[in-house]
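Novice: Fold the following.
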Amino acid sequence: MKAVLAVALLVTGSVLAQASPGPQPLPLPPPLPAPRDEAYPGTLKLAVDATDIDRRIYKVHEDIPVSATGDLILTYPRWLPGTHAPEGSIDRFAGLVVQAGGKRLEWVRDTVDVFAFHVPVPAGAKTISVDFTYLSAVHHGVGPQEVGRNLLVVDWTTVFVYPAGYFTRQIPVEASLHVPEGWRVATALDVASTRGAVTTFKRVPLETLADSPVHAGRYYKRYDISPDKTPVFFDVMADRPEVVEIKPALIELQRAIVQQAYRLFGAHHYDHYDFLVALSDEVGWNTTLEHHRSAEYGEQIGNFIDWDKTAAWRDVTAHEYVHSWDGKFRRPADLWTPTYNVPMRDSLLWVYEGGTQYWGEIVTTRAGVWTKQQALDTLAITVAALDSEPGRTWRALQDTTNDEIINPRRPMSWPGWQRFEEYYPEGALIWLDADTLIREKTKGAKSLDDFARAFFGIENGSYVPVVYTFDDVVKTLNSVYPNDWATFLRTRLDGHGPGAPLDGVRRGGYKLVFTDQPSEVWTSYEDTRLKGVDHTYSIGVSVDKDYTLTTVVWNGPAAKAGAIAGSKILSVDGVAFEPARLKLAIQSAKTSKDPIELVLQNGERVFTVRINYHGGLRYPHLERDPTQPALLDDILAPRKS
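Specialist: Below is the predicted model of the structure:
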């Protein structure tokens, strides 16, 4: 009976498998050709006209050599270095026209990879011409502005298409840029010639061009900050002529950043380097990106004028510069790709970004851009945020390395619960943990500086990327101090706490405390980044200049009372809202049993939340622990050689 039943079930299953109702999937088209590490037959000619600054449009013309008839696939960059994600600007790509011998060729977009275009190359064609427009953002609602009345930014990955099937380092290109009359250009590219407002650059591999953005502007000043014979420049462009005049003392701080980086790594990986700084309230503010021989910095126009107010921002310069070593020269093997249309994998961003966060803050302090106290205050903010992170309970740090791919920095409703991009700050804590452990075990004879030299300080002068794996990191750590580093790292990357990995802070001679007074860095953050007030560690909210809750801490007092981000505060304890009144209400609640009452508006809904909190104002600080040696002080001290 069992045998008969088994046969019946088998037959029934077979019939169902053959006669399943509903549609079946169509086969996918052939994939794009895999890139080959061989020379492309010819040199691409690329000309970008950036003179239409009123409409913020770049006009692009390319001449692309071809060696065969039939289907040529042109690709527009999708996976962008520095963003670690598929953030190519295909949504701003328009007006594509392809021709050969003056005759138009009707291209067809790939139905799977929409960044690829199939072009029918006719017999006898040696070159095809490509024309298109790049529609830069016309206001900040579209995205960060790249074009203004007096300066502009060109990221080459937005203004070329290239043939599929070749490594980008094997595709030579000659590029030129036409800017408005009287404007000057700054870039890591070497200039071949300048004729009027057109600059032609020397031929380079497409990989080098894409990694060498251009700043162009009416008001420009270059500062030489080279500490030795290798040229290093601080290239400043601004909306107004007086803004490019940076105080000599601040230029000396930039020179000190370069010097301290050299002393940390013991080598450099460029033949010259350019800090490309745009000081503007119109263009590029709040945008930075690392490159191998340069870095882009977009800052608000007053940042160098009101230097004393900018403590919360000052580590950015060193961070992007350190990427020349960590991220550009030494690059994770699964993140490096042969073209801009091969997917990246971000598993080692806790080294690429977390390590850079750590060394960037150290270089910032060693150079004197931060005082030791400002560095400690910054670390206190990091420690407090991570140690109370609710998302840790469900999500390991390792998984956050996927965040750029999952969510390329779009707004989030509950970032603490979602745990976004914490490979930056928590990665830095892991490196601090390793640094203090090495210093403790070797009685100060070794430190993570030795790892930095061994890992990033190789092949002085070369800027050919060298890739690495997790095992390479472990091997180099063991060469500095033998230890079970694989377990050390995996425990911290894959664990769930409780709390953040704070052994480095404790071993460094400090502990986290809270007081009712904000630090200078906290106030700088409120004034320059948030432009409001932050009561994260009391009632669990931050409020911007429009009186809107920008964040509500998951399961914090305000969240438990029913507050949600995006709501506008209308009143506090029955009085029209002002930031000072909220602060006073938090202080007063410490000696009262009454809840703090907020009237909120979210869309058309007006509602009241009553926050049962009586702990007073709370701001994070690091306090010296005299029972431990001050290893953190040693880490932050400038290197003499």
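Novice: OK, contacts around residue 116?
Specialist: Residue 116 sits next to 32, 73, 74, 75, 76, 109, 110, 164, 341 when contact means C-beta atoms under 8 Å, 6 or more residues apart in numbering. Placement of C-beta: from N, CA and C, glycine included.
Novice: doesn't residue 342 make contact with the first one?
Specialist: Which is residue 32. No: between residue 32 and residue 342 there is no contact under C-beta atoms under 8 Å: 9.3 Å.
Novice: Run through the bridge partners of the nearest residue in space to residue 241 that is not next to it in sequence.
Specialist: If the residues on either side of it in the chain are set aside, residue 241 comes closest to residue 219, at 4.6 Å by C-beta to C-beta, 6 or more residues apart in numbering. Beta-bridge pairing for residue 219 (DSSP bridges): residue 238.
Novice: Now do the contacts for residue 219.
Specialist: With contact taken as C-beta under 8 Å, 6+ apart, residue 219 is in contact with 150, 151, 237, 238, 239, 240, 241, 243, 244.
Novice: Residues contacting the one helix or strand residue 199 maps to, please?
Specialist: Assigned by DSSP states H and E, residue 199 belongs to strand 198-201. The set of residues external to strand 198-201 that reach it, using C-beta under 8 Å, 6+ apart, is 174-179, 185, 187, 189-194, 209.
Novice: Selecting buried members of the residues you listed in ChimeraX, what would you type?
Specialist: To isolate the buried ones among those in ChimeraX, judged by 16 or more other C-beta atoms under 10 Å, type:
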select :174,175,176,177,178,179,185,187,189,209
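Novice: Now, the contacts of strand 198-201 that are in strands?
Specialist: Counted as lying in strands by DSSP state E, out of the contacts of strand 198-201, are 174, 175, 176, 177, 178, 185, 187, 191, 192, 193, 194.
Novice: and the two most separated of these?
Specialist: The most widely separated members of the ones in strands among the contacts of strand 198-201, counting by C-beta to C-beta, are 174 and 185 (15.8 Å).
Novice: between residue 32 and residue 342, who's got more neighbours?
Specialist: Neighbour tally, residue 32 and residue 342, criterion other C-beta atoms under 10 Å: the higher count belongs to residue 32, 19 against 15.
Novice: The most centrally placed residue in the chain and residue 159, how far apart?
Specialist: The residue lying closest to the centre of the chain (C-alpha atoms, centre = their mean) is residue 83, at 5.6 Å. Applying C-beta to C-beta, to the nearest Å, the value for residue 83 to residue 159 is 17 Å.
Novice: about what we covered before: sort out which one of the contacts of residue 219 lies nearest residue 481 for me.
Specialist: residue 237 (45.1 Å).
Novice: And the nearest residue to the closest one once chain neighbours are set aside, its phi and psi?
Specialist: Closest residue in space to residue 237, ignoring its immediate chain neighbours: residue 217 at 3.6 Å, by C-beta to C-beta, 6+ apart. Main-chain torsions, residue 217, degrees, to the nearest 10: phi -170, psi 170.
Novice: my read: residue 217 touches residue 149, true?
Specialist: No: contact between residue 217 and residue 149 fails when scored by C-beta under 8 Å: they sit 10.0 Å apart.
Novice: Which one's more surrounded, these two?
Specialist: With neighbours defined as other C-beta under 10 Å, residue 217 and residue 149 compare such that residue 217 has more, 28 against 14.
Novice: Could I get the contacting residues of the more buried one?
Specialist: Applying C-beta under 8 Å, 6+ apart to residue 217 gives the contacts 150, 151, 152, 183, 184, 237, 238, 278.
Novice: hmm, try it at 7 Å
Specialist: Residue 217 makes contact with 150, 151, 183, 184, 237, according to C-beta atoms under 7 Å, 6 or more residues apart in numbering.
Novice: now the residues you listed in a markdown table, with distance to residue 494, neighbour count and pLDDT?
Specialist: Shown next, in a markdown table, are the contacts of residue 217 (distance: C-beta to C-beta, whole Å; neighbours: other C-beta atoms under 10 Å; pLDDT from 0 to 100):
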| residue | distance to residue 494 | neighbour count | pLDDT |
| --- | --- | --- | --- |
| 150 | 50 | 20 | 97 |
| 151 | 45 | 27 | 96 |
| 183 | 51 | 22 | 98 |
| 184 | 50 | 19 | 98 |
| 237 | 45 | 30 | 97 |
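Novice: Farthest pair within the residues you listed?
Specialist: The span of those, defined through C-beta to C-beta, is set by 150 and 184 at 11.5 Å.
Novice: which residues of the stretch 151-300 of the chain fall in helices?
Specialist: Per DSSP state H, counting those that start in this stretch, the stretch 151-300 of the chain carries helices over the ranges 206-210, 248-265.
Novice: looking at the protein, which helix or strand is least sure?
Specialist: Across the helices and strands of the chain, mean pLDDT, DSSP states H and E gives its lowest value to helix 2-18, namely a mean of 49.
Novice: helix or strand right after that one?
Specialist: Next along from helix 2-18, by DSSP H and E: strand 44-52.
Novice: Partner strands of that next one and their direction?
Specialist: The strands that strand 44-52 pairs with in its sheet are strand 57-65 (antiparallel), strand 172-178 (parallel) (by DSSP bridges).
Novice: Let me have the ones you listed in CSV, adding distance to residue 567 as columns.
Specialist: Shown next, in CSV, are those (distance: least, C-beta to C-beta, whole Å):
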stretch, distance to residue 567
strand 57-65, 39
strand 172-178, 46
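Novice: Tell me which of these sits nearest to residue 414.
Specialist: So among the strands paired with strand 44-52, strand 57-65 is nearest, using C-beta to C-beta, at 38.1 Å.
Novice: what comes up buried for that closest one?
Specialist: 57, 58, 59, 60, 62, 64, 65.
Novice: what do you get for stretch 260-268?
Specialist: Within stretch 260-268, the residues that qualify as buried are 260, 261, 262, 263, 264, 265, 266, 268, counting by 16+ other C-beta under 10 Å.
Novice: which ones are touching the third one?
Specialist: Think residue 262. By C-beta under 7 Å, 6+ apart, the neighbours of residue 262 are 227, 268.
Novice: Mind doing that once more with 8 Å?
Specialist: Shown in contact with residue 262 (C-beta under 8 Å, 6+ apart): 227, 228, 268.
Novice: Among these, pick out the one closest to residue 50, please.
Specialist: Of all the contacts of residue 262, residue 50 sits closest to residue 268, with 30.8 Å by C-beta to C-beta.
Novice: Got phi/psi on that closest one?
Specialist: Main-chain torsions, residue 268, degrees, to the nearest 10: phi -140, psi 160.
Novice: Restrict stretch 391-410 to CA atoms and write it as PDB.
Specialist: C-alpha atoms of stretch 391-410 as PDB (Å, rounded to 0.1, in the frame of the first residue of the first chain):
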ATOM      1  CA  GLY A 391      20.000  48.500  16.600                       C
ATOM      2  CA  ARG A 392      22.900  46.500  17.900                       C
ATOM      3  CA  THR A 393      20.500  44.000  19.400                       C
ATOM      4  CA  TRP A 394      19.500  42.700  16.000                       C
ATOM      5  CA  ARG A 395      22.200  43.800  13.600                       C
ATOM      6  CA  ALA A 396      26.000  43.100  13.700                       C
ATOM      7  CA  LEU A 397      28.400  45.800  12.700                       C
ATOM      8  CA  GLN A 398      29.700  43.700   9.800                       C
ATOM      9  CA  ASP A 399      26.200  43.900   8.200                       C
ATOM     10  CA  THR A 400      26.300  47.700   8.200                       C
ATOM     11  CA  THR A 401      29.100  47.600   5.600                       C
ATOM     12  CA  ASN A 402      26.300  47.000   3.100                       C
ATOM     13  CA  ASP A 403      24.500  50.200   4.000                       C
ATOM     14  CA  GLU A 404      25.800  52.300   1.100                       C
ATOM     15  CA  ILE A 405      24.300  49.700  -1.300                       C
ATOM     16  CA  ILE A 406      21.100  49.300   0.700                       C
ATOM     17  CA  ASN A 407      20.400  52.900   1.300                       C
ATOM     18  CA  PRO A 408      22.700  55.600  -0.400                       C
ATOM     19  CA  ARG A 409      22.100  58.100   2.400                       C
ATOM     20  CA  ARG A 410      18.400  58.700   2.000                       C
END
